[in-house]
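Student: Sequence and predicted structure below; questions after.
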Amino acid sequence: MRKIFRIIPCAVVVACILSQSPAHAHRVNVFCWVEGKTIHCQSSFAGGNPVQNGELSVRTQSGETLVSGKTDNQGKFSFSAPDADQGDLRVTVQAGMGHKGAWPIKSGEYIPENGKSSGHKTQAGKEKPKKSMPAEAFSTANTDGLKAVVQNALQKELAPVKKELARLRQDRITLQDVLSGLGYILGLMGIALYFKAQKS
Amino acid sequence: MHISEGVLNWPVLAGGAAIAALGVYVGLKKLDTARIPQTAIMASAFFVASLIHVPIGPASMHLLLNGLMGIVLGWACIPAILVALVLQALLFQFGGLTVLGVNTIIMAFPALACGLVFQCFPNRSPRQVAGLAFILGSAAVLGSALLAAAALTLSGQAFINAARLLVLAHLPVSGIEGIITAVAASFIYRIKPEILPLRERAHAQNI
């Protein structure tokens, strides 16, 4: 009977740990970043090799498939971002042999603020010839065009930074992970020895 | 070798979990106190070995060491592999928590088979131990590959495709694994033979 009382708290602790941990596990690493109106995805195995010919699909939260295709020789796949807000997207890569990885894309990432960027772009195109007149360049009518130009330049500059951020954001194995795993095993050994010693 | 979450369908997952639970129960029943530290050390080795990538072949695969685990631990390899897989799923995101049962079967059952075969041949010379360990170490990896293919088949993939891919991808690993198992087993046999369950049996028979 006393043994049962000991087991119950252990089970509760284990259940808490299991329920809190993120369940989406990936043996296959995928990360995506947005550059202008295109979304680039890069996938690799845990060892760093690119996933070639992996089946990549982009789904909305309701399960509707927006885009699907295969990754190229470098594990890359690019597609144009949806124009309308489709909510949060989920990119999954099936690498065969039971290996699968996923990466979430928040709706805010691919829709530039207000979702009006396409409007800006056409305006920028129209007003470009006028730029030769410096006086008019700063007029209120032109601020929208200027905004679009700056936005474009920023997007180009920020793309590598975004890529690097996405790469860093994916799960990677650190020394702490390895050491804590070994620690857990030693701890379990201690618990097992304790109970065996109690028995005898 | 770790099957990811969301690949298998739920009857396979549930069946795998039930069979694995049974195996773990038997493994724990047969585990005696003196062998607990050894089991923990082998579990640690298995846990870390998955980080060692073998960059040969179509996809980079990692070491399994399940043949060596079976040879050294016998039945206790099932709980040891389960513990290591739980930690790999939580810390490395290899496999997943719902696939634990299936992954345990995939890795532990070939290991157990190797262990039982190894125990059937007591009283061998170190060279024979090395040869046997080489065969068992590489067979365990291929056995795991075939079991993984079977699990994928039960979830709807074509067996021949899955099996061919998995076995081909694991051939280089299986060779390396065989060498490691042979070196480790013959080393243990020469230095500290009582670690191997084989020697205990031989002693028991002599007495």
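Tutor: Looks like it came in fine. None of the values given here were measured: they were computed from a predicted structure.
Student: C-alpha only now, for contacts and for neighbours.
Tutor: Fine.
Student: Now do the buried residues in the biggest helix by length in chain A.
Tutor: Longest helix in chain A by number of residues, with DSSP state H as the criterion: helix A:140-169. Using 16 or more other C-alpha atoms under 10 Å in any protein chain shown as the test for burial, helix A:140-169 gives A:142, A:144-146, A:148-149, A:151-152, A:155, A:162-163, A:166-167.
Student: Nearest to chain B among these?
Tutor: Nearest to chain B among the buried residues of helix A:140-169: residue A:167, at 16.0 Å, using C-alpha to the nearest C-alpha.
Student: so the nearest residue to the closest one once chain neighbours are set aside, which of the three states?
Tutor: In space, and not counting its chain neighbours, residue A:167 is closest to residue A:31: 6.2 Å by C-alpha to C-alpha, 6 or more residues apart in numbering or on different chains. Following DSSP: H, G, I helix; E, B strand; the rest coil, residue A:31 is assigned to strand.
Student: Could you check how far residue A:31 is from chain B?
Tutor: To chain B, residue A:31 is 15 Å away according to C-alpha to the nearest C-alpha, to the nearest Å.
Student: Make sure that residue is actually in contact with residue A:103.
Tutor: Yes: Residue A:31 lies in contact with residue A:103 (C-alpha atoms under 8 Å); the separation is 5.9 Å.
Student: Among those two, which residue is more densely surrounded?
Tutor: Each of residue A:31 and residue A:103 has its neighbours counted (other C-alpha atoms under 10 Å in any protein chain shown); residue A:31 has more, 25 against 21.
Student: who's that one bridged to?
Tutor: Per DSSP bridges, the residues bridged to residue A:31 are residue A:42.
Student: so what pLDDT did it get?
Tutor: Listed pLDDT for residue A:31 reads 84.
Student: before we move on, what about the one 3 residues further on?
Tutor: Here the pLDDT value assigned to residue A:34 is 82.
Student: Tell me where the model's unsure across the chain.
Tutor: Using chain A here. Counting by pLDDT under 70, chain A contains low-confidence residues at A:1-27, A:46-48, A:97, A:112-141, A:170-172.
Student: Please refer instead to chain B.
Tutor: Those would be B:55-60, B:123, B:198-207, if you go by pLDDT under 70 across chain B.
Student: do you know how far the most centrally placed residue in it is from residue A:151?
Tutor: Centroid-nearest residue in chain B, with C-alpha atoms, centre = their mean: residue B:66, separated by 2.4 Å. For residue B:66, the distance to residue A:151 (C-alpha to C-alpha, to the nearest Å) stands at 55 Å.
Student: ok, now residue B:187?
Tutor: Taking C-alpha to C-alpha, one finds residue B:187 at 66 Å from residue A:151.
Student: Helices of chain B, start to end?
Tutor: All helices of chain B, identified by DSSP H, fall at B:10-29, B:36-49, B:66-73, B:77-87, B:100-119, B:126-154, B:159-191, B:197-206.
Student: hey, which of those helices is tucked in deepest?
Tutor: helix B:66-73 (a mean of 30; mean count of other C-alpha atoms under 10 Å in any protein chain shown).
Student: Can I get it in PDB, CA atoms only?
Tutor: What follows is the C-alpha trace of helix B:66-73 in PDB, where atoms were taken according to Å, rounded to 0.1, in the frame of the first residue of the first chain:
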ATOM      1  CA  ASN B  66      21.100  -2.000 -30.200                       C
ATOM      2  CA  GLY B  67      22.900  -5.300 -31.000                       C
ATOM      3  CA  LEU B  68      25.500  -4.500 -28.300                       C
ATOM      4  CA  MET B  69      22.700  -3.700 -25.900                       C
ATOM      5  CA  GLY B  70      21.000  -7.000 -26.500                       C
ATOM      6  CA  ILE B  71      24.300  -8.900 -26.100                       C
ATOM      7  CA  VAL B  72      25.200  -7.200 -22.900                       C
ATOM      8  CA  LEU B  73      21.800  -6.800 -21.300                       C
END
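Student: who's in contact with it?
Tutor: For helix B:66-73, the external contacting residues (C-alpha atoms under 8 Å, 6 or more residues apart in numbering or on different chains) are B:38-39, B:42, B:46, B:77, B:107-108, B:110-116, B:118-119, B:133, B:136-141, B:181, B:184-185, B:195-197.
Student: For residue A:63, find the nearest of the helices of chain B.
Tutor: Closest to residue A:63 of the helices of chain B is helix B:10-29 (C-alpha to C-alpha; 18.7 Å).
Student: Return the list of helices and strands in contact with that closest one.
Tutor: helix B:77-87, helix B:100-119 (3 or more C-alpha pairs under 8 Å, 6 or more residues apart in numbering or on different chains; DSSP states H and E).
Student: ok, now with 10 Å
Tutor: Under the contact criterion of 3 or more C-alpha pairs under 10 Å, 6 or more residues apart in numbering or on different chains; DSSP states H and E, helix B:10-29 touches helix B:77-87, helix B:100-119, helix B:126-154.
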